[in-house]
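Chemist: Sequence first, predicted model second:
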Amino acid sequence: MESLAVEELKELIVADRARMMGVVRQEILSGIRNPEQFEKLRVFLRSFVDVPTDTSDFEAAAQMSNQCRGKGITVSIVDALICATASLRGWPIFTTDTDFEHLARVLPIKLHAPRA
């Protein structure tokens, strides 16, 4: 399954359909203890320009967080911001994190469906 996700991501990158937020960059790089691996990934990720976020993204993230909380679903601040930013732009979210499947039941987000 992981190799299918990697291949799908490669295709999205080649087609210039992949976007990245600064908080996603931080999440990806956080926890990499090997300095050489960190540097290699940091350099690779530099090819992605961070999607700018503004006040409306943060406000929508707060609304989404409150909406989830009202349904008994816990959502991290980062995940709420990802959902809001993608939703406001009409972008699907490419993720292997199953938390987003739960969020998609409550929030107006689309998840990227890999081609079979």
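Modeler: Arrived safely.
Chemist: Work out for me the element the residue nearest to the spatial centre of the chain sits within.
Modeler: For the chain, the residue whose C-alpha lies nearest the mean C-alpha position (Cα atoms, centre = their mean) is Ile82; its distance is 5.2 Å. Ile82 belongs to helix 77-89 when assigned by DSSP states H and E.
Chemist: ditto for Ala60
Modeler: Per DSSP H and E, Ala60 falls inside helix 55-70.
Chemist: and Val78, how many neighbours?
Modeler: 14 (other Cβ atoms under 10 Å). C-beta: built from backbone N, CA, C; applies to glycine.
Chemist: excluding its backbone neighbours, what's nearest it?
Modeler: Once flanking residues are discounted, Val78 sits nearest to Val23: 5.0 Å by Cβ to Cβ, 6 or more residues apart in numbering.
Chemist: how about the one you found, what does it touch?
Modeler: 78, 81-82 (Cβ atoms under 8 Å, 6 or more residues apart in numbering).
Chemist: Buried residues in the helix holding Ala60, which are they?
Modeler: By neighbour count with 16 or more other Cβ atoms under 10 Å, helix 55-70 contains the buried residues 57, 60-61, 64-65, 67-68.
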